[in-house]
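S.K.: structure, please.
(one chain, ligands or ions: 3)
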Amino acid sequence: MDRQDERTTGRPTSSHWGAYDVLVSGERVVGVRPGAGDTDSSPISRNVPDAQHHATRVAAPAVRRRWLENGPGADGLRGSPADEYVELDWDAVLDLLAAEFDRVRRDHGNTAIYGGSYGWASAGRLHHSQSQVHRFLNTIGGYTRSRTTYSHACVEVLLPHVVGQGGTADLLERAPTWEAVAEHTDLVVTFGGLRLSNTWNASGGRARQTAAEGMRAAAGAGVRTVSVSPLRDDTVDEMGAEWLPADPGSDTAVQLALIHTLFDEDLVDRAFLARCTVGAGVLRDYVAGVRDGVATTPEWAEELCGLSAGTLRGLARRMAAGRTLVNVGWSVQRTRFGEQPLWGGVALAACLGQIGLPGGGFATGYGSSGNYAGGSTPSGLPRFLQGMNPIDASIPVARVADMLLHPGEPYDYNGRRRTYPDIRMVVWSGGNPFHHHQDLARLTRAFGRPETVVVAETHWTATARHADIVLPSTTSLERDDIAASQGDLRVRAMPRAVPPHGSARDEYDVYADLAERLGVRAEFTEGRTAAQWLRRIYEQWRARYATALPDFDAFWAAGGVDIPDRVADTTLFGDFRADPDTHPLGTPSGRIELYSETIDSFGYDDCPGHPAWLPASERLGSERSRRWPLLLVANQPRGKLHSQHDMGAYSRSLEIADRARMRMHPGDARARGVADGDVVRVHNDRGSLLAGVETSTDVRPDVVQLSTGAWYDPSSPEATCVHGNPNVLTADTGSSALSQGTTGQHVLVEVDRYDGDPPPVRVFEPPRLRPR
Ligand SMILES: Nc1nc2c(c(=O)[nH]1)N[C@H]1C(S)=C(S)[C@@H](COP(=O)(O)OP(=O)(O)OC[C@H]3O[C@@H](n4cnc5c(=O)[nH]c(N)nc54)[C@H](O)[C@@H]3O)O[C@H]1N2
Ligand SMILES: Nc1nc2c(c(=O)[nH]1)N[C@H]1C(S)=C(S)[C@@H](COP(=O)(O)OP(=O)(O)OC[C@H]3O[C@@H](n4cnc5c(=O)[nH]c(N)nc54)[C@H](O)[C@@H]3O)O[C@H]1N2
Ligand SMILES: [Mo]
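M.R.: Ligands and ions are numbered 1, 2, ... in the order given. Here you go, the predicted structure:
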């Protein structure tokens, strides 16, 4: 802010972390300020001024020297810190790239192109990176795509079996607002907290931050909260939540003990179970121990979760005594057997008989995203269509390294035995797998396999440093766009604030020029410029409304328009509950499936036909924990969205000794001779990292918290990552054969004090670049 002068002007913009103004002086972003009307603006935008002009911006198209000299081919040295890039002009790079697309599709077919390209990219309905790259790849004959998300793959795959596809969509998109919770709910029991900093982000960004005020209003209206979580500060103080610091990964044991108590004390709603569910008998037999001889009593769970049997019994009784909402945060399913705490949560809510009542039942996502429970937008949002993919090849998104390492080999997924395609070319745009994927040493080996890796990026991320061809992309501040998210209050104009950095270009123009070289420009552009598309996607959206909305020019001049038919409130499963025969769920039985014959028929021992306790190995008390005694929780970073803008002022202000901040209980620190502010080496058999320590009683004993998002820095042999990216430690194992979701949330580690001068963090310097 101190760089402002009389030439400084405020320009409105939008990001996943909200709407705000950037302060621009000349051609530079010099500061940010909250957007008009956003009283709860997120601090994440404070990273923007540094990130926008940082030394790691990709300034020119660049080709890896080894690829340029040797041509396409597998190369185990991809990502080596010694790699050198040659800067070329756009025409030269696009010629090379078009020829390579042509070679690969001709010799190996379009299936050999992996274009999953998972990632958050930036807000903006037109210049959304994945939409752009997928449309382009569809136009040139298709690609192998990815299914589901890192966020909540178990929700996406399991819940359709349990509550149907429509029920799953409702749970994700139409959950009751905090206002409804305030009005109807007595008790929220949340597995995985309600982490305020997570609500700062919503895919597409919200016009205004509304989650915090919603949570505070609910607390003010007398709603009580019980937070099952390893961290005390996973709820805002004003909620006065009761903290139950259960062992991470023990949620299903807690739920099964609660269910046991409800059956045992005759607190279950038998009429609801009979009318609206199937499989209640199987569940009852399982918790009673009829099926395997183990009754899931509170005493049984005590051992597994660390909460007392009395606490669990008392909680079950309180849940049955009033209107209770069971929330399962997405973190708890980002684990091995992550399907179980979801299914257990549904079963628990079903036993209480409150599914379909206002403010009661089951939810998954409060506290996980800014637009969860923020309303819904039935008419949709302005959209840039991706077209049709002529290739029917896909993988579950978190199996990317497996796919690259095991072409042609079989794997299981949601009842099918499938085969990994043989990928020759990887195209990534708007995502950072060397931030988001697990076991980065393994991912590095996997990225050595394809013949060509192409990355479009704004910054020299670790992923860009694993690419053969790097295309410099504009940031959202450098282009005109439209922002809005699901359930948003307003569709906003995002006018360009500053000119492009170096020779960065909009991906739309880059793909149009590539399409031209491949003879399909007209198919890609339909004869329109980006500016014409912007108008068109707005006008197409406007045409969905009978009421008069401003035309594009008026909308642009006004800076936005309120979404007319936003629905603030719904009671999930209300119709179904009232009359399950007339409004059946999209499950085989039409009911909530507490036992699924379909899932049972798959025969997976890591996901049986009903919610069950399955002990993971990355868990306190496991065999593995004898060697690696601390459970590291790799949750979402407070200071940024994933790895984006990690070099920014706010993100860096949270670092300790220039590295990611790791929180640990003072007792665990003392036992290792570690003090506040120390640098530590965190390690297991997959890798090691350096982090800075904050001791805190907000973290329960035996747990350490190291959020994701530190830029991966393999520049020193002292550690796999000297900057603190937890994904050098996490296991690249699927949640189960059913969902194959990521399991990155939990990993067992040991922590040692690092003595001496730690190696410097080098990743905020650009790679070695050479003009041609
Ligand atoms: N251990 C562990 N790992 C996790 C998780 C966890 O809980 N634990 N969480 C997971 C989850 S839920 C997710 S969603 C993933 C997120 O993982 P990602 O979505 O891959 O993470 P981002 O850092 O947001 O990556 C987006 C990239 O897009 C780039 N970008 C931004 N705008 C543009 C643009 O306009 N054009 C182009 N070409 N690039 C752009 C940014 O510079 C950035 O590098 O991480 C997952 N990883
Ligand atoms: N600031 C910020 N916000 C974000 C993101 C970001 O990168 N930065 N990412 C966004 C994305 S893509 C997503 S998918 C969502 C993710 O939303 P979530 O999955 O809800 O977020 P996390 O922060 O990973 O986890 C929330 C809390 O769960 C607790 N937890 C971890 N393991 C367990 C467990 O086994 N049992 C219980 N009961 N609790 C556990 C941890 O204490 C953690 O703080 O967040 C979104 N919001
Ligand atoms: Mo996510």
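S.K.: for stretch 158-168, C-alpha coordinates in PDB please.
M.R.: What follows is stretch 158-168, C-alpha atoms only, in PDB (Å, rounded to 0.1, in the frame of the first residue of the first chain):
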ATOM      1  CA  LEU A 158     -20.100 -43.200  -2.900                       C
ATOM      2  CA  LEU A 159     -23.100 -40.900  -2.300                       C
ATOM      3  CA  PRO A 160     -24.800 -41.700  -5.600                       C
ATOM      4  CA  HIS A 161     -25.100 -45.300  -4.400                       C
ATOM      5  CA  VAL A 162     -26.400 -44.100  -1.000                       C
ATOM      6  CA  VAL A 163     -28.700 -41.200  -1.800                       C
ATOM      7  CA  GLY A 164     -28.800 -41.200  -5.600                       C
ATOM      8  CA  GLN A 165     -27.100 -38.800  -8.200                       C
ATOM      9  CA  GLY A 166     -29.700 -36.100  -7.700                       C
ATOM     10  CA  GLY A 167     -29.500 -36.400  -3.900                       C
ATOM     11  CA  THR A 168     -25.700 -36.000  -4.200                       C
END
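S.K.: ok, now which ones touch the closest residue to ligand 1 within the stretch 201-350 of the chain?
M.R.: Here the stretch 201-350 of the chain gets closest to ligand 1 at one residue, Arg334, 5.1 Å apart by C-beta to the nearest ligand atom. Placement of C-beta: from N, CA and C, glycine included. Taking C-beta atoms under 8 Å, 6 or more residues apart in numbering as the criterion, Arg334 is in contact with Tyr150, Ser151, His152, Ser735, Gly741, Thr742, Thr743, Gly744, Gln745.
S.K.: skipping its backbone neighbours, what lies nearest it in space?
M.R.: Nearest residue to Arg334, sequence neighbours excluded (C-beta to C-beta, 6 or more residues apart in numbering): Gln745, at 4.0 Å.
S.K.: residues touching that neighbour, list them.
M.R.: So Gln745 contacts Pro248, Ser331, Val332, Arg334, Thr335, Val633, Ala634, Asn635 (C-beta under 8 Å, 6+ apart).
S.K.: could you dump those to CSV with secondary structure and pLDDT?
M.R.: Shown next, in CSV, are these (DSSP: H, G, I helix; E, B strand; the rest coil; pLDDT from 0 to 100):
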residue, secondary structure, pLDDT
Pro248, coil, 98
Ser331, helix, 98
Val332, helix, 98
Arg334, coil, 98
Thr335, coil, 98
Val633, strand, 98
Ala634, coil, 98
Asn635, coil, 98
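S.K.: out of these, who has the most neighbours?
M.R.: Neighbour counts for the contacts of Gln745 (other C-beta atoms under 10 Å) peak at Ser331, which has 30 neighbours.
S.K.: that one and Thr190 touch, don't they?
M.R.: No - the criterion here is C-beta atoms under 8 Å, and Ser331 misses it with Thr190 at 10.8 Å.
S.K.: how would you label Glu69: helix, strand or coil?
M.R.: Three-state call for Glu69 (DSSP: H, G, I helix; E, B strand; the rest coil): helix.
S.K.: compute the number of surrounding residues for Arg103.
M.R.: As a burial measure, Arg103 scores 16 neighbours (other C-beta under 10 Å).
S.K.: up against ligand 2, what does this structure have?
M.R.: Applying C-beta under 6 Å from any ligand atom, one finds that the chain approaches ligand 2 through 151, 191-193, 195, 197-198, 200-201, 228-231, 234, 248-249, 251, 329-332, 367-369, 633, 635-638, 641-642, 745.
S.K.: what's next to stretch 89-100, contact-wise?
M.R.: With contact meaning C-beta under 8 Å, 6+ apart, stretch 89-100 is reached by 60-61, 63, 72, 88, 425, 452, 454, 469, 471, 503, 505, 510, 513-514, 517-518, 772.
S.K.: centre of the chain to that stretch, how far?
M.R.: 33 Å (C-alpha atoms, centre = their mean, to the nearest Å).
S.K.: and the helices in the stretch 401-550 of the chain?
M.R.: 433-436, 440-447, 507-517, 521-525, 530-542 (DSSP state H, counting those that start in this stretch).
S.K.: give me whichever of those helices is most buried.
M.R.: Comparing these by mean neighbour count (mean count of other C-beta atoms under 10 Å), helix 433-436 ranks first with a mean of 24.
S.K.: may I have it as PDB, with CA atoms only?
M.R.: Extracted in PDB, the C-alpha atoms of helix 433-436 (Å, rounded to 0.1, in the frame of the first residue of the first chain):
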ATOM      1  CA  PRO A 433       0.100 -31.300  -9.700                       C
ATOM      2  CA  PHE A 434       3.500 -30.800  -8.000                       C
ATOM      3  CA  HIS A 435       1.500 -29.000  -5.400                       C
ATOM      4  CA  HIS A 436      -1.600 -31.200  -5.300                       C
END
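S.K.: tell me what it is packed against?
M.R.: In terms of contacts (3 or more C-beta pairs under 8 Å, 6 or more residues apart in numbering; DSSP states H and E), helix 433-436 is packed against helix 440-447.
S.K.: which helices and strands does the helix it packs on pack with?
M.R.: Helix 440-447 is packed against helix 400-405, helix 433-436, with contacts defined by 3+ C-beta pairs under 8 Å, 6+ apart.
S.K.: tally of neighbours for Gly527?
M.R.: If you count neighbours by other C-beta under 10 Å, Gly527 ends up with 7.
S.K.: can you report phi and psi for the residue most central in space within the chain?
M.R.: By C-alpha atoms, centre = their mean, the chain has its centre lying nearest to Ser151, at 3.6 Å. Note on Ser151: backbone dihedrals following degrees, to the nearest 10 are phi -60, psi -50.
S.K.: with adjacent residues omitted, what lies nearest to it?
M.R.: Trp330 (5.6 Å).
S.K.: how far away is Asp755 from Glu27?
M.R.: 46 Å (C-beta to C-beta, to the nearest Å).
S.K.: what's the answer for Tyr511, then?
M.R.: Counting by C-beta to C-beta, the gap from Tyr511 to Glu27 is 26 Å.
S.K.: whichever residue of the stretch 351-500 of the chain sits closest to ligand 1: what's it in contact with?
M.R.: Nearest residue of the stretch 351-500 of the chain to ligand 1: His436, at 3.1 Å (C-beta to the nearest ligand atom). His436 sits next to Tyr118, Gly119, Tyr150, His642, Ser643, Thr708, Asn727 when contact means C-beta under 8 Å, 6+ apart.
S.K.: and Leu381, by the same measure?
M.R.: Leu381 neighbours (C-beta under 8 Å, 6+ apart): Arg125, Gly204, Ala484, Ser485, Gln486, Asp488, Val491, Trp541.
S.K.: filter those residues to the buried ones?
M.R.: Burial by neighbour count, 16 or more other C-beta atoms under 10 Å: within the contacts of Leu381 this picks out Arg125, Gly204, Ala484, Ser485, Gln486, Asp488, Val491, Trp541.
S.K.: thanks again, I'm all set now.
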